[in-house]
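1. Got a sequence here, can you model it:
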Amino acid sequence: MTNRRNILKGVAAAGALGTFGAGYADTVKKLAKGKWSGETPRNQHLTGNSVPPEFAIDPVTGDVTPNPDQAMSYTMCIGCTTMCGVRVRVDKTANKVLRVAGNPYSPMSTDPFIPYESSVAESFAAMAQAGKGQGLTSRSTACGRGNAVLEQVDNPRRVLQPLKRVGPRGSGKWQTISFDQLLEEVVEGGDLFGEGPVAGLREIRDLETPALEGAPEFGPRANHLVWMNCVDDGRDSFVLRWLKQSFGSNNFTRHGSYCGGAYRSGSGAMFGNFKSMPHAKPDFSNAEFIIFAGTAPGNAGNPFKRIGTLVAKARSDGDLSYVVVDPVLNHAQNGPSGERSRWLPIRPGTDGAMAMAMMRWIFENDRYDAGYLANPSKAAADAAGEASWSNATHLVITDPDHPRHGHCLRGSDLGLPIEGEAYSGADPFMVASPAGAVPAGAAAAPLFHEGMVETETGPVAVKTALTLLREEALSRDIADYATDCGIPEDKLIELAREFTSHGRKAAVSSHGGMMSGTGFYNAYALMMLNTLIGNLNWKGGTMIAGGGFPETKGPAYDLKSFPGAVKAKGLPFGRNVPYEKTSEYKAKKATGAAYPADGPWYPNAPGLATEWMSSLVNGYPYKAEALIFRNTNPVYGVPGVAHLVDKLKDPAVVPLIISIDPFINESSAISDYIVPDSVMYETWGFTKPWGGVATKATCARWPVIEPKMAQNAEGQRIGLETFLIGVAKRMGLPGFGDEAIPDAQGKMHPLNRAEDWYLRGAVNVAMTGEPVSDATDEDIELSNVARILDDLKATLKPSEWRKAATIYAKGGRYENIEHSYQGDRASHAFDAPMLVWNEQLGSFRRATTGTGLPGTPAWRAPEFADGTKVSDHYPREDWPIQIVSFKSPLQNSYSVGAKSLLRIVASNPVNVGRALAEAHGIKTGDMVRLTTPGGRLESVAVVRDGIAADTVAIEHGFGHRGFGAQDITIDGATLAADPRLAAGVLLNDIGMLDPTREKAGVWVDPVSGTAVRQGLPARIERI
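-> Numbering: from 1, shown residues only. The predicted model follows:
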């Protein structure tokens, strides 16, 4: 429950200068000393006594004179999942990060970013405004959160030594143990807690015994080790080497299913890849009109800082105008921008209704790009001068009794000779023509067609993909769509007209706001609007990304393969594969009732942490013997999971739980062992931008300060890599030890420490394509790569170490900005077709019902797993409001330990729209109770404009029970909970289970399996 006093204090702190009128004595003096924030007065680094400059630039010569007491290093921020390139200032004596700014080489932090050939000294000069008339051109920045989360390095609640639980799981009591004891116990197992025998990793790594008796499709017992990850922070390739290629488990998942996975999956449907889930971003610098749906520039949606910067510039200097469609008004729409930015409120989770209404108007008024859509192949698109193509003209089998119903018609269906297997890439898609169905060729094909085609098995009904999409859009009136989404009909028409009035210089952008009961189809529909105007790969339209410079498979070292590598086998634990591949399906089919399955399956989704929680507690499809959490927190992040957590505290459910984490969060708190790990600027990694960066970019992270974790017997800091290497060597796993990494000449090199891996990865990044230049002595000194110089020289060949040093000296490798476009086209174009009809989706049958779903974008009211409408279970008259979450640029799920952020916003009130508040007699400062079918919470209300009708909004990032929000006892000493860290409420605590599932599971989108946190049915009352 949120404390009213703390909430209002936090709201006031956001406008702290208002304290001047509050009657405090000596206000100016207190403000200067920091007293206003509740902190002990300090005598250093305040206004007029700031941190000394890190370097000086001679205005005549341009010479750089560094501050000898500080180091300036280019690396990566991991304060959120954007992972921007940054410049870190370090106090050398104190081994302490002082401040963080942006990396001028990086497109994630600077626009325009400087040429990669610039020396480190020249990069400093660029940021120092050394050029005449340069102004702030290269003044690279970091966001507010990026400047605050560095405090986590020195957080007194960090885990620095291995911990073993004392007493029951989740009791908050721990003891420190040695690294050797940690390895022995997790590898060998035994009666570890006086609760009975626990299988260790050595026993679990059984590559012969099946994971589930009688079901060989699930692979070996080794799959009983399951790994839950957060985002790929640049270390996942190391993890996957250990887990899949050495240990032999195929069970790995990330956090996307409770973050932004619905958007990614819906986008993946259009881009034709449900596993890697490509997604495009607008060309913010050159677009003329953008619809932001469920996200907002500079507020949320990866990469929010870059997007905010580009949109602000385009709004002021370019031709951009935009509309933010969201249940919550945020700072993306503001007065000074005038008509350039507008806010359009929408009922939570109904973005698909808006998009389909726009499509109906577009079809009725012929505002789609017919010339673009008529190209059935890349050859046809190239001949027509198009930058991408789609399957809009491909014929789809629509006969519901046909065995290939929902699939695209292929040449082999007609008996045409093909070179290769049926339905492979050699089997042509068919399009309509006056002569009947013919293979898609290098010429345009009819967009709309419905008829019968003679096949080898008889006549079959077909329609073009665009015909099916048009039928779906026209299946409801715009007025009906308007009723569902809460946007007036005239506004929907106005939006569609504006969107189709800019040629290809218009775009739709979305991200995490799609996490609703219909999130998958909402996202698919929104992204299809981009395809209808053919904007992909065009300047001013949308683009995927330039990609990166790979570190694992390069010209110097092969970090992907090694002698003795295991090929992990078996269907995944999260059931994100076709149910029809299972022995359960075959057995039930033999009885005449293949459906329903014992639980839902999601073949059109990536790894699903949401469903893993169900799998773990229910043992379906099989039991897990060991679970590893790696810097992840599903117990906090999954809506409704609170109903399942108590079962995970029972060792009989999952006998061994290990967390690799710098903190005791809500998930690591229920572990048996915690392995300490590095934080922020102590760690290694390589990442590339998620989307929207037109050039190739690889950001490199390296320990610019000495890590604080305890050391093992060899003097290495204990962390993720040390732990996995230690386990591998104790178990004798392949791919680790003295003969582990082959170079281009076949010579083997060791993998005994993290540096063996990441330094060789840096060489691959440096040598891919045209190799980078060697780092100079000055580059190395100014960037403080001198800190790792001995390791570079000892690990790498004489011809390699200076090239790797360049990667670290500049914080990565970045293709120059002039390579963004070739004329009006993206240089790094996406060349697979846009799928107006996705046959994998259109032929899919829900495991719980046996029924199909549309293969095109569609609007459907939210459903539970059994296909029943959510509104049938929880009618609107009983649950008249909907709850949504939103993010700020400052707080996320793991930044709460940065106390400077809590000084700005101390907690999260419940945001109530003015009309809703008046109807319930609620005023700002009142305590209110929110009740959903999943639970209830009490908090302080803030009444405001800018909330959609009958909607309540809760900011994400508060309401913690971990990260120091509860007492923790280590070796008998108790560290009391900090009430500031427990402030606020968490929407996920009132998330819902699906009441139609026999085996308990949280409410998820029926296609993507992603968590539902937008549009929870609820009631509100003043208390």
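2. Please enumerate the strands of the stretch 151-300 of the chain.
-> Remark: strands assigned in the stretch 151-300 of the chain by DSSP state E, counting those that start in this stretch are 163-165, 173-176, 189-190, 198-199, 225-229, 252-253, 281-282, 289-293.
3. hmm, who's touching the first one?
-> Read that as strand 163-165. Contacts to strand 163-165, defined as Cβ atoms under 8 Å, 6 or more residues apart in numbering, come from residues 171, 173-177, 181-182, 185, 192-193, 671-674, 970. To be clear about C-beta, it is placed using only N, CA and C from the backbone, and glycine gets the same treatment.
4. Of these, which belong to helices?
-> Members of those lying in helices (criterion: DSSP state H): 181, 182, 185.
5. filter the contacts of strand 163-165 to the buried ones?
-> 173, 174, 182, 185, 192, 193, 671, 672, 673, 674, 970 (16 or more other Cβ atoms under 10 Å).
6. biggest strand in the chain, by residue count?
-> When the chain is parsed with DSSP state E, its longest strand is strand 935-944.
7. Buried ones in it, by neighbour count?
-> 937, 938, 939, 940, 941, 942, 943, 944.
8. again with stretch 823-833
-> Buried residues in stretch 823-833 (16+ other Cβ under 10 Å): 825, 826, 827, 828, 830, 833.
9. cool, and stretch 400-407?
-> 402, 404, 405, 406, 407.
10. Check which helix or strand the residue nearest to residue 598 when sequence neighbours are not counted maps to.
-> The spatial neighbour of residue 598 that comes closest, neighbours along the chain excluded (Cβ to Cβ, 6 or more residues apart in numbering), is residue 620 at 6.1 Å. Taking DSSP states H and E as the definition, one finds residue 620 inside no helix or strand.
11. and residue 620, how far is that from residue 169?
-> 22 Å (Cβ to Cβ, to the nearest Å).
12. hey, where'd the helices end up in the stretch 151-300 of the chain?
-> Secondary structure of the stretch 151-300 of the chain (DSSP state H, counting those that start in this stretch): helices at 179-188, 201-204, 236-240, 261-271.
13. just the stretch 351-500 of the chain next, same as before
-> Using DSSP H, counting those that start in this stretch, helices in the stretch 351-500 of the chain cover 351-364, 370-373, 378-383, 465-473, 478-485, 489-499.
14. Identify, out of the ones you listed, the most deeply packed stretch.
-> With neighbours taken as mean count of other Cβ atoms under 10 Å, those reach their highest mean count in helix 351-364, at a mean of 26.
15. what angle separates that one from helix 261-271?
-> Interaxial angle of helix 351-364 relative to helix 261-271 (axes from the mean of the first three to the mean of the last three Cα atoms, to 10 degrees): 30 degrees.
16. pLDDT on helix 351-364, on average?
-> Average pLDDT, helix 351-364: 98.
17. What helices and strands are in contact with that helix?
-> strand 289-293, helix 465-473, helix 478-485, helix 489-499, helix 519-532 (3 or more Cβ pairs under 8 Å, 6 or more residues apart in numbering; DSSP states H and E).
18. Which pLDDT does the model give the residue nearest to the spatial centre of the chain?
-> For the chain, residue 256 is the residue whose C-alpha lies nearest the centre (Cα atoms, centre = their mean; 5.2 Å). On the pLDDT scale, residue 256 is placed at 89.
19. Am I right that it is in contact with residue 605?
-> No: counting by Cβ atoms under 8 Å, residue 256 does not reach residue 605; the two are 9.4 Å apart.
20. list the contacts for residue 661?
-> Residue 661 makes contacts with 159, 629, 630, 631, 667, 668, 674, 675, 676, 677, as judged by Cβ under 8 Å, 6+ apart.
21. same check, this time on residue 1009
-> Here residue 1009 is in contact with 257, 261, 574, 576, 600, 602, 605, 608, 610, 611 (Cβ under 8 Å, 6+ apart).
22. give me the element the fifth one is part of.
-> Read that as residue 600. Applying DSSP H and E, one finds residue 600 in no helix or strand.
23. shouldn't it be in contact with residue 575?
-> Yes: taking Cβ under 8 Å as the definition, residue 600 is a contact partner of residue 575 at 7.0 Å.
24. okay, and the common contacts of these two?
-> Common neighbours of residue 600 and residue 575 (Cβ under 8 Å, 6+ apart) are residue 611.
25. First-to-last residue distance for stretch 285-299?
-> Start-to-end span of stretch 285-299 (Cα to Cα, to the nearest Å) is 18 Å.
26. mean confidence score for it?
-> 91.
27. now swap in stretch 411-420 and tell me
-> Mean predicted lDDT for stretch 411-420 stands at 93.
28. before we move on, what about stretch 787-807?
-> Mean predicted lDDT for stretch 787-807 stands at 97.
29. contacts for it?
-> So stretch 787-807 is in contact with 71, 73, 556, 700, 702-704, 755-756, 759-760, 762-763, 765-767, 771-775, 779-780, 785, 808, 813, going by Cβ under 8 Å, 6+ apart.
30. Distance check, the residue nearest to residue 598 against residue 682.
-> The value you get for residue 620 to residue 682, if Cβ to Cβ is used, is 39 Å.
31. What is the most widely separated pair among the contacts of residue 661?
-> 667 and 676 (15.4 Å; Cβ to Cβ).
32. Quick check: residue 830 is in a strand.
-> No: secondary structure of residue 830 (DSSP: H, G, I helix; E, B strand; the rest coil): coil, not part of a strand.
33. Look up how far residue 283 lies from the closest residue to it other than its chain neighbours.
-> For residue 830, the nearest residue in space outside its immediate sequence neighbours is residue 544; the separation is 4.5 Å by Cβ to Cβ, 6+ apart. Going from residue 544 to residue 283 by Cβ to Cβ gives 11 Å.
34. Have a look at the two and say which one is more surrounded.
-> Set side by side, residue 544 and residue 283 show more neighbours around residue 283, with 26 against 21, by other Cβ atoms under 10 Å.
35. give me the number of residues near the closest residue to that one other than its chain neighbours?
-> Nearest non-adjacent residue to residue 283, counting by Cβ to Cβ, 6+ apart: residue 540, 5.3 Å away. Counted with other Cβ under 10 Å, the neighbours of residue 540 add up to 23.
36. Show me the shaky parts of this protein.
-> 1-49, 129-136, 332-337 (pLDDT under 70).
37. what about 50?
-> 1-42 (pLDDT under 50).
38. Buried subset of the contacts of residue 661 as a ChimeraX selection?
-> If you want just the buried ones from the contacts of residue 661 in ChimeraX, going by 16+ other Cβ under 10 Å, the selection is:
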select :159,629,630,631,667,668,674,675,676,677
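39. Now that we have the contacts of residue 661, can you turn them into TSV and tack on distance to residue 584?
-> Listed next are these as TSV, based on distance: Cβ to Cβ, whole Å:
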residue	distance to residue 584
159	41
629	28
630	30
631	34
667	30
668	33
674	36
675	36
676	41
677	38
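40. nearest to residue 103, of the contacts of residue 661?
-> residue 631 (22.8 Å).
41. Could you list the residues in contact with stretch 456-468?
-> 373, 390-399, 402, 408-409, 413-415, 431-432, 437, 446-453, 471, 835-837, 854-856.
42. about what we covered before: please report the distance of the residue nearest to residue 283 from residue 308.
-> 19 Å.
43. Likewise for residue 389?
-> 32 Å.
44. How about residue 612?
-> 33 Å.
45. Neighbours of the closest residue to residue 364 other than its chain neighbours, how many?
-> Spatial nearest neighbour of residue 364, chain neighbours left out: residue 474 (7.7 Å); criterion: Cβ to Cβ, 6+ apart. Using other Cβ under 10 Å, residue 474 is surrounded by 14 other residues.
46. Need the phi and psi values for residue 474.
-> With angles defined as degrees, to the nearest 10, residue 474 sits at phi -90, psi 0.
47. surely it meets residue 361?
-> No: with contacts counted by Cβ under 8 Å, residue 474 stays clear of residue 361, the gap being 10.3 Å.
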